[in-house]
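K.L.:
Fold the following and give me the result.
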Amino acid sequence: MEKRFSEFEEELKKLEQSVYALVQKNTEYAEEIEKLKEENIKLSKENEVLRETLNQLENKLPDSSKLKLSAEDKETLKNKIDELIARIDYHLKS
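P.N.:
Numbering: from 1, shown residues only. Below is the predicted model of the structure:
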């Protein structure tokens, strides 16, 4: 009987240690969750500011229908870009 009681006490101590370790982990996780919640709120506010800034910038852009280029203008622009790339390439190689 005494042996069973001591075994029961040992098992109870092990369970208490396990429960204590789980409580500690739970506390750590709760703290981490709070930090992440705060960071999430901060990032959400920052995201909202960035969205507002983006909307303001988009509103400042000219209407895309006005930016349609003719085939001739596209070709001229393409040639100018190719020319600039060639010049840059030349300067990088020299």
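
K.L.:
Could you use CA atoms for every contact and neighbour count after this?
P.N.:
Fine.

K.L.:
How much space separates E75 from Y20?
P.N.:
74 Å (C-alpha to C-alpha, to the nearest Å).

K.L.:
what do you get for E10?
P.N.:
Remark: distance between E10 and Y20 (C-alpha to C-alpha) = 15 Å.

K.L.:
do L57 as well
P.N.:
55 Å.

K.L.:
right, and the helix or strand after the longest helix along the chain?
P.N.:
Counting by DSSP state H, the longest helix found in the chain is helix 2-60. Heading C-terminal from helix 2-60, the first helix or strand you meet, by DSSP states H and E, is helix 71-93.

K.L.:
Identify the residues contacting that next one?
P.N.:
Applying C-alpha atoms under 8 Å, 6 or more residues apart in numbering, helix 71-93 has no contact partners.

K.L.:
repeat that for 10 Å
P.N.:
68-70 (C-alpha atoms under 10 Å, 6 or more residues apart in numbering).

K.L.:
what do you get for stretch 1-9?
P.N.:
Stretch 1-9 is contacted by residues 10-15 when judged by C-alpha under 10 Å, 6+ apart.

K.L.:
Just the C-alphas of that stretch, formatted as CSV.
P.N.:
Output of stretch 1-9 as CSV, limited to C-alpha atoms (Å, rounded to 0.1, in the frame of the first residue of the first chain):
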residue,chain,number,x,y,z
MET,A,1,0.0,0.0,0.0
GLU,A,2,2.8,2.4,0.9
LYS,A,3,4.5,1.6,-2.4
ARG,A,4,1.4,2.4,-4.4
PHE,A,5,1.0,5.7,-2.5
SER,A,6,4.6,6.8,-3.2
GLU,A,7,4.2,5.8,-6.9
PHE,A,8,1.0,7.8,-7.0
GLU,A,9,2.8,10.8,-5.4
